[in-house]
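1. the following block contains a protein sequence and its predicted model.
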Amino acid sequence: MALIKRGRFYHYEFQVNGIRFRGSTKQTTETKAKQVEVRKMHEAQENGYRPFPRKPPILRDFATTVLKAVDSSALDPDTKRYYRNGWSRIASTPLANMRLDWITTEAVEAIELSGSPSWQNQALRTLSMILSKAAGKHYLHERPKIKLLKEQRRERMIDDDDEKALLKVAEPTLKDVLVIIRDMGLRPDELFRMRWEHVHWEKRLYFNPYGKSSKARRWIPMSQRVVDVLKERLRKQSLPRAASRRKVVKLPSSPEWVFPSKRAGSGHLTTVAKQFREARCLAELPESLKLYGGRHAFGTYAVEATGNVFAVADAMGHEDLKTTRIYQHPELDTIREAIDQRNNRRVM
């Protein structure tokens, strides 16, 4: 048996039946670390651990294999892209060149990731997924615990005044995007992938078939304003267009995407970030205002008007009601009025 201090904590290392065991005791004093080491040895002797079938590879090599499997799987394209982006951040850290069995909770906490908490969590979730696969392949006895960062709540929403200011200066495509995201609560990526075949005109419903969970694939009501916007877009897409300078009329094929794009490889628009930044600047609105604030506004207004958190959660594709609360802004007018009434009674 041996105890080695790395950083703040002592690490144990011992062998049972020719199998080597090592890890962090999570203790800063040698006495307590020794107690943890003894307990770990008893557990290994009583329960036993499966020996590693072969020498564990380094994380970079194993991640390449895992991500190839992810790409060829039936996972949602957004999930595949999420893991790809997450790995690109882990790949630039010292962890990428470490052997799988040397990656501990402390080693993960020691790496420095840039960006917002949500951006860093993307990398940490990707790492957690890869290490879980490693444990399944018996390269690890167990996946080390990875603590995610606390993500900030989205406080700013696109309210009626913001929308009015933006619509005055926005380009036509952005105007349609703003109306749809505020009236339907779609996520931006869901909005850009809208297909005409999923629009049900008679019932004024739209079916979103995308998402990582069953709740994400859902029916969403369309306001009359959204119906008008969509009908106008469909009308313009269905108009004959000139194919050359000779004014030869070319009949349009059946439109597929609500927001088509010839430049995008996907065939549809993927972002209006530049348009939104320009409109926000012209409208003299703060940089804290994001396009996602339109979805935030939908959740806020829908809950205030209906009081039905369950229905709103379904419309927004939330599995957990706690998530829906992020999009709520408490209505404080009633509280203010109650205090004013109390004060008025005192004066009388």
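-> The structure has been received and is ready for your questions. Numbers count the residues shown, from 1 in each chain.
2. need the strands for the stretch 101-250 of the chain, in chain order.
-> Under the criterion DSSP state E, counting those that start in this stretch, the stretch 101-250 of the chain contains strands at 199-200, 205-208, 218-221, 241-242, 249-250.
3. of all those strands, which one is nearest residue 73?
-> Residue 73 lies closest to strand 205-208 among the strands of the stretch 101-250 of the chain, at 21.2 Å (C-beta to C-beta). For glycine as for every other residue, the C-beta is placed from the backbone atoms N, C-alpha and C.
4. strand partners (parallel or antiparallel) of that closest one?
-> Strand 205-208 pairs in its sheet with strand 199-200 (antiparallel), strand 218-221 (antiparallel), by DSSP bridges.
5. and those strands as JSON lines, adding distance to residue 112?
-> Formatted as JSON lines, these follow (distance: least, C-beta to C-beta, whole Å):
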{"stretch": "strand 199-200", "distance to residue 112": "46"}
{"stretch": "strand 218-221", "distance to residue 112": "39"}
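6. quick one: closest of these to residue 70.
-> With C-beta to C-beta, the closest approach to residue 70 among the strands paired with strand 205-208 belongs to strand 218-221: 24.7 Å.
7. list the contacts of residue 223.
-> Residue 223 makes contact with 183-184, according to C-beta atoms under 8 Å, 6 or more residues apart in numbering.
8. what pLDDT does it get?
-> For residue 223, the pLDDT comes out at 94.
9. domain map for the protein?
-> Structural domains annotated on the chain: 2-47, 59-136, 160-333, as defined by automatic domain parsing.
10. how about those in CSV, adding distance to residue 148?
-> Formatted as CSV, the domains of the chain follow (distance: least, C-beta to C-beta, whole Å):
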stretch, distance to residue 148
domain 2-47, 18
domain 59-136, 5
domain 160-333, 15
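11. need the least confident one among these, by mean pLDDT.
-> domain 2-47 (a mean of 80).
12. wait, a helix at residue 20?
-> No: using DSSP: H, G, I helix; E, B strand; the rest coil, the assignment for residue 20 is strand, not a helix.
13. sheet-wise, list the partners of the lengthiest strand in the chain with their directions.
-> Identified as the longest strand of the chain according to DSSP state E is strand 9-16. Counting by DSSP bridges, the strands paired with strand 9-16 are strand 2-6 (antiparallel), strand 19-24 (antiparallel).
14. can you pull out the helices in the stretch 1-150 of the chain?
-> With helices called from DSSP state H, counting those that start in this stretch, the stretch 1-150 of the chain shows them at 30-47, 59-71, 77-90, 105-110, 117-136.
15. deepest in the core, which of the ones you listed is it.
-> helix 117-136 (a mean of 19; mean count of other C-beta atoms under 10 Å).
16. just checking, what packs against that one?
-> helix 59-71, helix 77-90 (3 or more C-beta pairs under 8 Å, 6 or more residues apart in numbering; DSSP states H and E).
17. got a list of contacts for that helix?
-> 56, 59, 62-63, 66, 82-83, 85-87, 89-90, 95, 100, 103, 108, 113-114, 140-144, 146, 148-152.
18. what's the answer for stretch 278-285, then?
-> Stretch 278-285 has contacts (C-beta under 8 Å, 6+ apart) with 162, 165-166, 168-171, 174, 287, 289.
19. out of the strands paired with strand 9-16, flag the one nearest residue 44.
-> Per C-beta to C-beta, nearest to residue 44 of these: strand 19-24, 5.5 Å.
20. a markdown table for the strands paired with strand 9-16, including mean neighbour count and distance to residue 308?
-> Shown next, in a markdown table, are those (neighbours: other C-beta atoms under 10 Å; distance: least, C-beta to C-beta, whole Å):
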| stretch | mean neighbour count | distance to residue 308 |
| --- | --- | --- |
| strand 2-6 | 12 | 53 |
| strand 19-24 | 16 | 48 |
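21. and these as JSON lines, adding distance to residue 185?
-> Listed next are the strands paired with strand 9-16 as JSON lines, based on distance: least, C-beta to C-beta, whole Å:
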{"stretch": "strand 2-6", "distance to residue 185": "48"}
{"stretch": "strand 19-24", "distance to residue 185": "44"}
